[in-house]
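1. sequence unknown, structure follows:
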């Protein structure tokens, strides 16, 4: 997916993931697979996979974040099929982009974990200008606050509204204004 279309940034992160679709039967599962993420963000995850589910399929995702696992319902939104020669280092990995529909457990851990490079730059500048504050905060604390802000902005009234159109360009009038 084009980064410009994403609501939230993603960070490169190879984390163990479990994908499953609940169902009837002996194990109560229609589908289950173990894989790893390529990147993760507040809005979703991309998982490496040699198999692909259909776009639009809902799936449960468990991601092993360092602090605690994340459990979410997600929807397959993007597919990258396996390519010949994918084992080459420069080949794009096959897999599925999944948009989080509902995060059930571990939301706070995700908010602490996702720290894009710009958060690091902000934290470094903060530490330089306010050393006492930086002594009390870690990058993960700043990431938590900034991610809450980004989430709030995305859900704020009018956030999803399209941008206002540019004002029309009028040809310069040659008519003279009345004099006083």
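-> Yes, it's here. Computed from a prediction, not measured in an experiment: that's the story for all the values here.
2. for residue 154, which non-adjacent residue is spatially closest?
-> residue 7 (5.2 Å; Cβ to Cβ, 6 or more residues apart in numbering). (C-beta placed from N, C-alpha, C; glycine too.)
3. any idea how far that neighbour is from residue 35?
-> 24 Å (Cβ to Cβ, to the nearest Å).
4. likewise residue 55?
-> 17 Å.
5. higher neighbour count, those two?
-> The neighbour comparison of residue 55 against residue 35 (other Cβ atoms under 10 Å) goes to residue 35, with 17 against 12.
6. can you give me phi and psi for residue 148?
-> When read as degrees, to the nearest 10, the backbone of residue 148 gives phi -60, psi -40.
7. next one: the one 5 residues further on
-> Its backbone dihedrals place residue 153 at phi -60, psi -40, with angles given as degrees, to the nearest 10.
8. name the next helix or strand downstream of the longest strand belonging to the chain, please.
-> Longest strand in the chain by number of residues (criterion: DSSP state E): strand 29-41. As assigned by DSSP states H and E, the chain's next helix or strand after strand 29-41 is strand 44-48.
9. quick check, central residue of the chain?
-> Centroid-nearest residue in the chain, with Cα atoms, centre = their mean: residue 41, separated by 3.0 Å.
10. run through the strands of this structure in chain order.
-> Using DSSP E, strands in the chain cover 10-12, 16-22, 29-41, 44-48, 58-63, 70-80, 95-105.
11. residues making contact with stretch 13-28?
-> 29-40, 45, 47, 57-65, 113 (Cβ atoms under 8 Å, 6 or more residues apart in numbering).
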